[in-house]
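Peer 1: need a structure here:
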Amino acid sequence: MKNMNKIIYIFILFFVILATLISCAKKEEEKESKSKVDSNPQLFNAVGFSGTILNSKDGINWKKSTWNSLNYGPSKNLNGITYGKSTYVAVGWHSTIIASSDGNNWNDSSEGDLWRKCGEWNCKDKVQLSKAIYANNNFVVVGINGIILSSPDGTTWTKRNSGVGDYLSDVTYGKDKFVVVGNRTVLTSSDLNSWTQRVNVFDWERVTPPSNFLSAVNFGNNIFVVVGWSGRILTSHDGIQWTERSSGTSNNLKDVIFENGSFLVVGHSGTILSSTDGITWSKMSSGTTKILNGVAYGNNIYVVVGDLGTILTSPDGITWTERDSGISNYLSGVTFSR
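Peer 2: Take a look at the predicted model:
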């Protein structure tokens, strides 16, 4: 009888220990799952000069993030930001490339270490990176002197031969090709390796600076849209043959997105333009005359950033409200994580 009681006791003890272990394992799994969710929240992230990084869950309330910018010289200016593969990548002056998994804690890209040591492009203070995107399983960065970089993970970067020495300002992807724009320049590539300059974009000879500077490009609704200085807008169905469109403004245009079924363009003097087809454009009242540099869309809200810490939001792209960013720095770009 004693042996039987002992066996029963051992069985009970075994099941108690097993239940405790299972419970602990579930709690650890829940904790890990919550950590993964928290590390990749849906956030707006805005970047700007003097190392400015802001983030917001709703586009309305913003807080500062910080990064160790001591190695990047006195300016620490950030020009662009993108999100892909659960990673934010921001780029800027002095060959700056920084990355973050949560939008709050930022680290140098491994390639940044090489550039700070004055690598193949001479010293980093001669290299300005302007924009970054994530498309077709690659991060792609463009900048001055015809620089194009690509990375599968935002950490290991490959320099591509663009074949030009112009200032490259933006890049997009559509119809199985990348399209890059810049100063008097439109480039296309299907593989990031071979680039073709589209010199027949329009008659450059009749266009005087700064009208020939193309500042941004995007793809949506089966059409590429390029915007630039002096109100210039171009469209193309293939990235090769381009047509000029009337924007209705002579203000410099800085950025363009296609979201929620419409193109939205922002620029100088508070300019905001909207179009469903990229051809016919309407001017929206932004309520500001400040320079607007970047625009993003997420969680059913548009966010625009600009000079002097300007942040505007809109639920529909028509009615705009200015938000308090808490800073007066120049904001150059914004993205939303998906």
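Peer 1: tell me the contacts of the residue lying closest to residue 318 once chain neighbours are set aside?
Peer 2: Nearest non-adjacent residue to residue 318, counting by CB to CB, 6 or more residues apart in numbering: residue 284, 5.8 Å away. Heads up, the C-betas are built off the backbone N, CA and C, glycines and all. Contact analysis of residue 284 by CB atoms under 8 Å, 6 or more residues apart in numbering lists 272, 273, 274, 317, 318, 320.
Peer 1: would you list these in a markdown table and tack on distance to residue 331, pLDDT and neighbour count?
Peer 2: A markdown table is the format used below for those (distance: CB to CB, whole Å; pLDDT from 0 to 100; neighbours: other CB atoms under 10 Å):
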| residue | distance to residue 331 | pLDDT | neighbour count |
| --- | --- | --- | --- |
| 272 | 15 | 98 | 24 |
| 273 | 19 | 98 | 23 |
| 274 | 21 | 98 | 17 |
| 317 | 19 | 96 | 23 |
| 318 | 22 | 96 | 12 |
| 320 | 15 | 98 | 20 |
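Peer 1: hmm, which two among those are most spread apart?
Peer 2: Maximum pairwise distance in the contacts of residue 284, criterion CB to CB, is 12.8 Å, between 273 and 320.
Peer 1: of the contacts of residue 284, closest to residue 253?
Peer 2: residue 273 (7.5 Å).
Peer 1: Could you check how far the closest one is from residue 264?
Peer 2: In this view, residue 273 and residue 264 are 7 Å apart by CB to CB, to the nearest Å.
Peer 1: again, but for residue 225
Peer 2: Taking CB to CB, one finds residue 225 at 10 Å from residue 264.
Peer 1: Neighbour count for these two, which is higher?
Peer 2: Set residue 225 next to residue 264 and count neighbours by other CB atoms under 10 Å: residue 225 wins out with 26 against 23.
Peer 1: and the residue nearest to residue 134 when sequence neighbours are not counted, bridged to which residues?
Peer 2: Nearest non-adjacent residue to residue 134, counting by CB to CB, 6+ apart: residue 84, 2.5 Å away. Residues in a beta bridge with residue 84, per DSSP bridges, are residue 87.
Peer 1: How is the chain divided into domains?
Peer 2: Domain assignment of the chain by automatic domain parsing yields the ranges 1-39, 41-336.
Peer 1: winner for burial among those domains?
Peer 2: domain 41-336 (a mean of 19; mean count of other CB atoms under 10 Å).
Peer 1: can you give me how far that one is from the chain middle?
Peer 2: When distances are taken as CA atoms, centre = their mean, to the nearest Å, domain 41-336 is centred 6 Å away from the chain's centroid.
Peer 1: going forward can the numbers begin at 358, since that is how I track them
Peer 2: Sure thing, new numbering starts at 358, so read that last one as domain 398-693.
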